[in-house]
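# output the structure for:
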Amino acid sequence: MAFSFLFPGQGSQYTGMFKEHFEEFDEFQENLTLAEEFYKEELKNIIFQEDTRLNDTYYTQPLLMLMSYSLYQVWKKYNCPLPKVAAGHSLGEVSAFLCAGGLNLKDALRFIKFRATFMVESKGETKTKMSAVLGLDGESIKKILNDKKAKFLEAVNMNSPLQTVIAGNTDEIESVKNELKEKGAKKVVDLSVSVPSHSSLMGIATTKLKLVLDEIKLGKPDFPVIQNLHAKIPLTVKEISNNLAEQISNPVQWVSSMNRLKKYGLEEHFEIGPSKVLSGLAKQNRIKGSFSSLDNIDTFKELLSRYGK
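Below is the predicted model of the structure:
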């Protein structure tokens, strides 16, 4: 049975994620140890203790990527088949290419460390916020934001027909919330992220990341990955590289990505990371089939038993 992999991004993390997986599968601790050697600091407590650093992009990015990669390593160890296609939301796109063999772990850690660092540097001292607007269509949201003529207020994640994430100066986000609700938004929910990803404020980070990627050898992935920038599957390694850099300063085209996924007519979709954020968004985008999160240890074991050889 053909299936897709969905790799989540920031905002899906939670304290204690994958505790049972760490106890059951050696890959989780082994990969975390490698990351601790690379970062030259202890990381495990950030996951398993109440630690504010879990929502600090410098730590959130590598930890989420490592969880996805560890799941995939176990999947491969059991000789389970490759997905027909994959998609990763924001940071999840990097996780997808790591799992697909386009990046090795050492280069992925190096890239993600620069990615997070440059994003924080691009933000600077600006007080920013990201919020999910629920129940209002993206075009209406964009018009409201444009009419505000704010200094920094943008629609940055087109997640589903009725969910769009906006980024901006904290004060300007707060000032537009009531108007969004008056025009039909059911809720405006602040997100647990520390930088305004996929906004124009990240332009400097994109420029710097292109220089980093010039020094990293990317390979052809083992399975196709729909990239965020244009919701297309790249044809060349050069295109993959450019898109990985450009996506952090451009909106995530998730609705278009899900429309492309629909064309595969797949019956199953597996979320390779914590929580069920992307499964929920896929349903909102009318993706057919069943959805499973490998975050659940019992679900993961059942799938390993079913698909393993």
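
# count of neighbours near the closest residue to G16 other than its chain neighbours?
Nearest residue to G16, sequence neighbours excluded (CB to CB, 6 or more residues apart in numbering): F48, at 5.8 Å. Glycine gets a C-beta too; all of them are placed from N, C-alpha and C. By other CB atoms under 10 Å, the residues close to F48 number 14.

# correct me if wrong: F48 contacts E23.
No. With contact defined as CB atoms under 8 Å, F48 does not count as touching E23 (11.4 Å).

# follow-up on the earlier one: mind listing what the residue nearest to G16 touches?
F48 is in contact with 15-16, 19, counting by CB atoms under 8 Å, 6 or more residues apart in numbering.

# so which of those residues sit within helices?
Those of the contacts of F48 mapping onto helices are K19, per DSSP state H.

# which single one of the contacts of F48 is nearest to C80?
C80 lies nearest to K19 out of these, by CB to CB, at 22.6 Å.

# how much space between that closest one and F28?
10 Å (CB to CB, to the nearest Å).

# do K143 as well
With CB to CB as the criterion, K143 and F28 are 45 Å apart.

# which one of these two is surrounded by more residues?
For the pair K143 and F28, the greater number of neighbours falls to F28 (24 against 13), based on other CB under 10 Å.

# what's the helix or strand for the more buried one?
Using DSSP states H and E, F28 sits in helix 26-39.

# so what's the gap between that helix and the chain middle?
20 Å (CA atoms, centre = their mean, to the nearest Å).

# again with stretch 298-309
Centroid separation between stretch 298-309 and its chain, computed with CA atoms, centre = their mean, is 24 Å.

# quick one, what contacts L82?
Per CB under 8 Å, 6+ apart, neighbours of L82: 222-223.

# secondary structure class for it?
Under the three-state scheme (DSSP: H, G, I helix; E, B strand; the rest coil), the conformation of L82 reads as coil.

# shift numbering so it begins at 27
With 27 as the first residue, the last one maps to L108.

# got the phi/psi numbers for it?
phi -80, psi 160 (degrees, to the nearest 10).

# how far away is the residue nearest to G42 from K168?
Distance from F74 to K168, by CB to CB: 40 Å.

# what does L160 give?
Using CB to CB, we find L160 at a distance of 16 Å from K168.

# the nearest residue to V215 once chain neighbours are set aside - how many residues pack around it?
What sits nearest to V215 in space, not counting adjacent residues and going by CB to CB, 6+ apart, is A158, at 4.7 Å. When neighbours are counted by other CB under 10 Å, A158 registers 17.

# shouldn't E272 be within a helix?
Yes. Looking at E272 with three-state DSSP, it is inside a helix.

# that one contacts L255, doesn't it?
Yes. Using CB under 8 Å, E272 is in contact with L255, at 5.4 Å.

# tell me the mean pLDDT over the helix or strand harbouring T232?
Assigned by DSSP H and E, T232 belongs to helix 229-240. Averaged over helix 229-240, pLDDT sits at 98.

# just stretch 56-72 next, same as before
So the average pLDDT for stretch 56-72 ends up being 98.

# now it, how far from the chain's geometric center?
Distance, centroid of stretch 56-72 to centroid of chain: 20 Å (CA atoms, centre = their mean).

# and that stretch, how far apart are its ends?
16 Å (CA to CA, to the nearest Å).

# which residues touch it?
With CB under 8 Å, 6+ apart as the criterion, stretch 56-72 contacts 77, 79-80, 85, 88-89, 92, 95-96, 99, 131-132, 135-136, 139.

# can you say which of these are buried?
Buried members of the contacts of stretch 56-72, counted by 16 or more other CB atoms under 10 Å: 79-80, 85, 88-89, 92, 95-96, 99, 131, 135-136, 139.

# care to break this protein down by domain?
Domain assignment for the chain by automatic domain parsing gives 29-149+225-333, 154-216.

# which element is F137 on?
Using DSSP H and E, F137 sits in helix 131-149.

# perfect, that will be all.
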